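Enquirer: below is the structure, and that's it, no one-letter string:
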């Protein structure tokens, strides 16, 4: 029986944070649950591992706060419901390391249309034009701590290039959804991208 299915793939989607002016680009997968699926945990396993990176990474489900934790919270997806899983993202235009978390906010974002903006509290603002090309080189795996604090020397950083990876989602019953992915970490001005190579359903 199929528990989860990928119904959308978002590549190179720009988000601007209203409170800080930061601009990021995201690659995400959108899942639909055929039945109630509880306590889904998503892990990205790198097959091609760059220097200083780890092999396994706990991915961030949309709408969960950005934190300094290494592991994401599990996700319940109701029958017929949709859930977005962040896979990779670019560095932040306008980012200054010493300003991260200065307001004490828990950053929650929605991936929006190209010209939309979002505040750190998750409240939508009026659209502003963003061409999605202003971020720096490379990309980060979308772990909670990388989303909160994207530094070039952290263990989720991917230098420009292509990387093979495997996505694993495990629910409370131990059922596994698996997908083989190809991650494209961009050079400056290039698009960030995730390709789906193959998919295996829950069993």
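Expert: Yes, it's here. Since we're looking at a predicted model, the values are computed, not measured.
Enquirer: ok, longest strand in this protein?
Expert: Longest strand of the chain, by residue count under DSSP state E: strand 4-17.
Enquirer: which neighbouring elements make contact with it?
Expert: On a contact count with 3 or more CB pairs under 8 Å, 6 or more residues apart in numbering; DSSP states H and E, strand 4-17 meets strand 23-33, strand 117-118, strand 193-200. Every C-beta, even on glycine, is put in place using the N, C-alpha and C of the backbone.
Enquirer: which parts of that strand are buried?
Expert: Under the neighbour-count criterion of 16 or more other CB atoms under 10 Å, strand 4-17 has 4, 11, 12, 13, 14, 15, 16, 17 buried.
Enquirer: closest one of those residues to residue 63?
Expert: residue 15 (13.5 Å; CB to CB).
Enquirer: distance of that closest one relative to residue 74?
Expert: If you measure residue 15 against residue 74 using CB to CB, to the nearest Å, the figure is 24 Å.
Enquirer: same check, this time on residue 80
Expert: For residue 80, the distance to residue 74 equals 19 Å [CB to CB].
Enquirer: more crowded one of these two?
Expert: More crowded of residue 80 and residue 74, by other CB atoms under 10 Å: residue 74, with 15 against 10.
Enquirer: dump the residue contacts of the residue nearest to that one when sequence neighbours are not counted.
Expert: Counting by CB to CB, 6 or more residues apart in numbering, residue 39 is the residue found nearest to residue 74 once chain neighbours are left out, at 4.2 Å. By CB atoms under 8 Å, 6 or more residues apart in numbering, the contact list for residue 39 reads 74, 75, 76, 171, 172.
Enquirer: tell me which element the third one falls in.
Expert: When you say that, I think you mean residue 76. strand 75-77 (DSSP states H and E).
Enquirer: report the beta-bridge partner residues of the residue positioned nearest the centre of the chain.
Expert: Nearest to the geometric centre of the chain sits residue 86, at 2.2 Å (CA atoms, centre = their mean). Here residue 86 sits in beta bridges with residue 28, as judged by DSSP bridges.
Enquirer: need the contact list for residue 9.
Expert: 27, 28, 29, 30, 194, 196.
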